[in-house]
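**Q** heads up, no residue letters with this:
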């Protein structure tokens, strides 16, 4: 599946697949703070539960194609770039791959809680 982001997407895809999530669609929202959004669907029970990974751009990067600074996991498409208590943020700094487990744990919680 094609993605627009410049971070290595394969570790994220692999972690999602290993935890029972499929990328149902890749979207390009028309808001300045979002480079790309992955619409996820659970392949594991309960099936068809949904979640979203929204790849956020650095708000201080004023270039024509700002860098992606992190990904926000949520149960529904977020309406703002700031994180909230109901979402999980993973920043792409040093050691971000080691934090993938926490992202997957959050998504497992979304799957088990169901729609909010």
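**A** Perfect, thanks for sending it. Source: prediction; values computed, not measured.

**Q** mind checking the end-to-end distance for stretch 46-66?
**A** Start-to-end span of stretch 46-66 (Cα to Cα, to the nearest Å) is 37 Å.

**Q** buried ones in it, by neighbour count?
**A** Within stretch 46-66, the residues scored as buried using 16 or more other Cβ atoms under 10 Å are 49-57, 66. C-beta: built from backbone N, CA, C; applies to glycine.

**Q** pick the one among these closest to residue 107.
**A** residue 51 (5.3 Å; Cβ to Cβ).

**Q** pLDDT of the helix or strand containing that closest one, averaged?
**A** Applying DSSP states H and E as the criterion places residue 51 in strand 50-57. In this model, strand 50-57 has a mean pLDDT of 94.

**Q** for it, packing partners?
**A** Judged by 3 or more Cβ pairs under 8 Å, 6 or more residues apart in numbering; DSSP states H and E, the packing partners of strand 50-57 are strand 34-42, strand 68-74, helix 100-113.

**Q** what's the first helix or strand after the second one?
**A** The helix or strand immediately downstream of strand 68-74 is strand 88-91, counting by DSSP H and E.

**Q** pLDDT weak spots in this protein?
**A** The chain contains residues with pLDDT under 70 at 1-8, 114-116.

**Q** can you rerun that using 90?
**A** Scanning the chain for pLDDT under 90 picks out the ranges 1-10, 29, 32, 35, 48, 57-69, 79-86, 92-94, 113-116.

**Q** what sits against the residue nearest the centre of it?
**A** By Cα atoms, centre = their mean, the chain has its centre lying nearest to residue 53, at 1.9 Å. With contact taken as Cβ atoms under 8 Å, 6 or more residues apart in numbering, residue 53 is in contact with 12, 37-38, 40, 71-73.

**Q** at 10 Å instead, please
**A** 12, 16, 21, 23, 26, 36-40, 71-74, 88, 90, 103, 107 (Cβ atoms under 10 Å, 6 or more residues apart in numbering).
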